[in-house]
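>>> Using only what follows, build the 3D model:
(one chain, ligands or ions: 1)
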Amino acid sequence: MQLIFMGPPGAGKGTQAQLLAALWKIPHISTGDILRACVVAKTDLGQKAQSYMDRGELVPDELLMDIVKERMNQPDASAGWILDGFPRTVPQAAFFDKLLSDVGGGASSSGKGCELKAVNLDVPDNVLVARLLSRGRQDDNEQTIRRRLQVYREQTAPLIEFYRNREQLVAVDGDRQMQEVTAELQKALSGDS
Ligand code: ADP
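Model (predicted):
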């Protein structure tokens, strides 16, 4: 199982990705979590990333590409994974395609026998803002939230078409109870889907 979770900030990607990863016994790889851990550890990367994250901007693609490449090469990623927060731009998606075809040989994200799916969790803006304000993470203040939503629309939302064109998109309504969303994801992603 190779799953990409897309959706605006606050859509519930992290929660659903974590649940399904535990259920399917595959790693949940969240680039947001990795970046926040680097910030806390004050690594070079963390120091570079922090100012972007605090402003609600995307961290530059090159930094993310290094992180993802290293993480995908770890042994636990060989049987599958759920990627949460990556790719988030068209260049990141192109990079990721190439990485998968290099790493996986036959298991490339395009072409025959591919098992990659990209889930989009759809949630209206007013619900997102309310959810993020109640979550209260360091980058969850009103100004940053607005910027993150704008960045999402400009840079990440085009990926929905990108994966739809490749018939890899699974679109799910995320404006429902958590358990209902989980159930729908399980239905859409398991078995012969
Ligand atoms: P959310 O989706 O709730 O905004 P994340 O935890 O996924 O939160 O990401 C938090 C921040 O980390 C983002 O606002 C961005 O600055 C940075 N980030 C995470 N993933 C990426 C990525 N793939 N490309 C660029 N920046 C990223």
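
>>> The helix or strand bottoming out on mean pLDDT in the chain: how far from the chain's middle?
Considering only helices and strands, the least confidently modelled element of the chain by mean pLDDT, DSSP states H and E is helix 90-104, at a mean of 91. Using CA atoms, centre = their mean, to the nearest Å, we find the averaged C-alpha position of helix 90-104 to lie 14 Å away from the chain's own average C-alpha position.

>>> Would you mark the buried spots in that helix?
Residues 92-93, 95-97, 99-100, 104 are the ones in helix 90-104 that count as buried (16 or more other CB atoms under 10 Å). In short, each C-beta sits where N, CA and C put it, glycine included.

>>> Dump the longest strand along the chain to CSV, keeping only the CA atoms.
As assigned by DSSP state E, the longest strand anywhere in the chain is strand 116-122. Output in CSV follows, covering the C-alpha atoms of strand 116-122 (Å, rounded to 0.1, in the frame of the first residue of the first chain):
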residue,chain,number,x,y,z
LEU,A,116,-0.1,4.3,-5.4
LYS,A,117,-3.3,6.2,-4.4
ALA,A,118,-3.6,9.8,-3.6
VAL,A,119,-6.4,10.6,-1.1
ASN,A,120,-7.9,14.1,-1.0
LEU,A,121,-9.8,15.0,2.1
ASP,A,122,-12.2,17.8,1.2
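
>>> Does anything pack onto that strand? Which helices or strands?
When contacts are defined as 3 or more CB pairs under 8 Å, 6 or more residues apart in numbering; DSSP states H and E, strand 116-122 packs onto strand 2-6, helix 158-165, strand 169-173, helix 178-189.

>>> Can you tell me which of those is packed in deepest?
Ranked by mean neighbour count, the helices and strands packed on strand 116-122 are led by strand 2-6 with a mean of 24 (mean count of other CB atoms under 10 Å).

>>> Contact residues of the protein facing the ligand?
When proximity is defined as CB under 6 Å from any ligand atom, the chain approaches the ligand at 9-10, 31-32, 35, 52-53, 56, 58-59, 64, 85-86, 88, 92, 148.

>>> what do you get if the cut-off is 5 Å, keeping everything else the same?
When proximity is defined by CB under 5 Å from any ligand atom, the chain lies next to the ligand at 9, 31-32, 35, 53, 58-59, 64, 85-86, 88.

>>> So which of those is the closest to the ligand?
When the residues of the chain next to the ligand are compared for distance to the ligand (CB to the nearest ligand atom), Gly32 wins out at 1.9 Å.
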